[in-house]
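Undergrad: From the sequence below, what's the structure:
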Amino acid sequence: MEQQPKITALYCRLSKDDERGTGESMSIETQKTILTQYAKEHDMYPIEYYVDDGYTGLNFNRPGFQRMLDDIALGKIRTVITKDLSRLGRDHIQTGQYSEIYFPTHKVRYIAVNDGYDSENQQSTVYASIKTAINEFYSRDTSVKIKASFRAKAKEGQHHSVVPPFGYLKDPENKNHLIPDPETAPYVVKIYNLVLQGWGNHRIRDYLREAKVPCPSWIHHSRGWLDKGHMFPDEDSRYIWRPDTLRLLIRNEVYCGNLVYGKSETIFKTKKHPKTEPEKWIRVENTHEPLVSKEVWERANEIIAKKRQYYHEKMDNYDGPKNIFNGILKCADCGHAMTRRNYGSNCFRAIYYCTSYTSYGQYKCTHHKLFEDDLYRVVTDEIRTFSQEVKEDREKLIARISALTPDETRFLPSAGEIKDALKRLGEVNKLLDTLYEDHIFGRISDDNYHRMLGKYQAEQDQLKKKLEAYDQLKEKSADLRSKAERIADLFEQYGDFEELTSGVLNALIDKITVSEPYVEDGRYKQDLTIYYRFIGAIGTTHYDAHRFYKSEKVKEASDKRAARHRKEREEEIRAEMQKDPVGLLAVQ
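TA: Numbering: from 1, shown residues only. Next up is the predicted model:
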């Protein structure tokens, strides 16, 4: 096969900061023109463009650049050309690593046209490290100037976020000034009204869903401000409010006419946003028309603060075990994590719920609840059982784990079958040799030669495929046994614990899934499936959930009581909707 010629990669990059440049055109089209002309003059065809439009040069996590690296790894690229060194990157350390280490290691020539840099010219490389440091200084200086500009706007009470807060619009005559949104402002008023009536976030969430009040993300998406389409697979998802969204909305001073900036800061290069101390915040009062009065805002936040204080006091009084299952306990139906709560007002026991249920209600999932001490007991018993099996008969446990693994390696041919196949392959090879000699010396006709040749070659190919498949399955089988031996080692190492800890769990287990309870022989059961490291699930434990759900009759009574409470809440929501559907009444 003829080898394809290596290409010249023409890499173009443009970020928003570059658009604020010094007057010289930095557009992608301009870069393409310069690079194409250079490649043409120096006979560097064939060429291919790699483009990142709108990506910063402070990191290299850019789709076009990563695609170029993949092609370099595949040996497709001979030369990389950019307009200048800053198009490759503005972080002088990482840019130097690519230009001075990565490209030469992969035998790729790098050229920066306007900077006169050519990796094949040693004199030009001396200047490159100074130039990349200057490029990073430019980005750092630009970042400082932008931050200073934003702080100056903040001190003047000017709004400068990409999208306005829910309930507001940007003033058409002054984009840094907020005006009430006729469509969404009444929703904000209604939320504060419900808080003053003593409604909690989960109750308000249910009301907003029933009233079909669109959440902020849907408003931003539907108006073309932000691309959030992935969050809304169906129409009902537009009306799903997270309790956290409500909490942040209620605490936002923008709704009483104030602007507060500087609650977090951006770290150069990493772009992380750590929180800042309140004394560093910039607060400007009465910058725009409020949706609620300052007194209403303060009353609402006092109510929320009291509820949170009560919750934290309960948590402080709880002296039970720490959450050792954090990060590994999952809902078997929706796949989301299980969250830990205190069960009952005295907080004597901890219980787990599906986070989809706690955040969105029954619209997304069911509760899947179980007591922590029952979970602890089930997991402890299973780990100790396997640990004891390792001590008694290690080989038996390894064989059992390998047999449970859903893999085609369980259908390996027997040693006798493979021996017969090898023997027959040798015979067929000899027959082909003899057949060829007979044909050369004229001892067999052409018709018979071709007929028998096709027959033996087909059998030869079939035997080779069978033996190749056997070798692959044998290799997989050895890998499965190796994994089974590794988990057996871990059972032996960690199985003699006195107390189950997060260290033991993380050493042995990838995740634990919890099913919704079901009735079996008049008693409630739940399935707990433990997925161990390397091998996955060995089996499913049918946990006896009767301690929580008690008998079927008690569960039925509990379900009826819960249904009655839901009905009462729904009637209360409908009554509130009839009284004041979307907050058109002013908050008193």
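Undergrad: where does the stretch 351-500 of the chain dip in pLDDT?
TA: 404-414, 471-478 (pLDDT under 70).
Undergrad: in it, which spans are strands?
TA: In the stretch 351-500 of the chain, the strands defined using DSSP state E, counting those that start in this stretch lie at 370-371.
Undergrad: Next: the stretch 151-300 of the chain.
TA: Ranges of strands in the stretch 151-300 of the chain, per DSSP E, counting those that start in this stretch, are 168-171, 174-180, 259-261, 282-284.
Undergrad: Just give the strands next to the first one in its sheet, each with its orientation.
TA: Going back to what we said before, that points to strand 168-171. Its sheet considered, strand 168-171 pairs with strand 174-180 (antiparallel) by DSSP bridges.
Undergrad: cool, and the third one?
TA: According to DSSP bridges, strand 259-261 forms sheet pairs with strand 282-284 (antiparallel).
Undergrad: buried set for the partner strand?
TA: Within strand 282-284, the residues that qualify as buried are 282, 284, counting by 16 or more other CB atoms under 10 Å. Heads up, the C-betas are built off the backbone N, CA and C, glycines and all.
Undergrad: Now do that strand, average pLDDT.
TA: Averaged over strand 282-284, pLDDT sits at 85.
Undergrad: where does the stretch 101-250 of the chain dip in pLDDT?
TA: Low-confidence segments of the stretch 101-250 of the chain (pLDDT under 70): 122-150.
Undergrad: what ranges do the helices span in it?
TA: Assigned by DSSP state H, counting those that start in this stretch, the helices in the stretch 101-250 of the chain fall at 103-105, 122-155, 185-196, 201-210, 216-222, 243-251.
Undergrad: Quick one: residues in contact with the last one.
TA: Right, the one you point to is helix 243-251. Residues outside helix 243-251 that contact it (CB atoms under 8 Å, 6 or more residues apart in numbering) are 166, 188, 191-192, 195, 201-202, 204-205, 215-216, 255, 300-301, 304, 359.
Undergrad: Out of the strands of the stretch 151-300 of the chain, which is closest to residue 54?
TA: Ranking these by proximity to residue 54 (CB to CB) places strand 174-180 first, at 20.9 Å.
Undergrad: Can you name the two of the contacts of helix 243-251 that sit furthest apart?
TA: The most widely separated members of the contacts of helix 243-251, counting by CB to CB, are 255 and 359 (23.1 Å).
Undergrad: Compare neighbour counts for those two and give me the winner.
TA: Using other CB atoms under 10 Å, the more surrounded residue of residue 255 and residue 359 is residue 255, with 26 against 20.
Undergrad: Run a quick neighbour tally on the nearest residue to that one once chain neighbours are set aside.
TA: Excluding its sequence neighbours, the residue lying closest to residue 255 (CB to CB, 6 or more residues apart in numbering) is residue 291, at 4.8 Å. When neighbours are defined as other CB under 10 Å, residue 291 has 26 of them.
Undergrad: who are the neighbours in contact with residue 291?
TA: Contact analysis of residue 291 by CB under 8 Å, 6+ apart lists 167, 180, 185, 188-189, 192, 255-256.
Undergrad: would TSV of the residues you listed with distance to residue 433 be doable?
TA: Supplementary listing: the contacts of residue 291 in TSV, determined by distance: CB to CB, whole Å:
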residue	distance to residue 433
167	87
180	93
185	91
188	89
189	93
192	93
255	91
256	95
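Undergrad: So which of the residues you listed wins on neighbours?
TA: Of all these, the highest neighbour tally under other CB under 10 Å goes to residue 255, namely 26 neighbours.
Undergrad: Could you list which residues are in contact with that residue?
TA: Contact analysis of residue 255 by CB under 8 Å, 6+ apart lists 165, 167, 188, 192, 249, 290-292, 297.
Undergrad: shouldn't residue 10 be in contact with residue 32?
TA: Yes. Here residue 10 reaches residue 32: they are 6.9 Å apart, a contact under CB atoms under 8 Å.
Undergrad: on that earlier part again, need the pLDDT of the residue nearest to residue 255.
TA: So residue 291 comes in at 95 (pLDDT).
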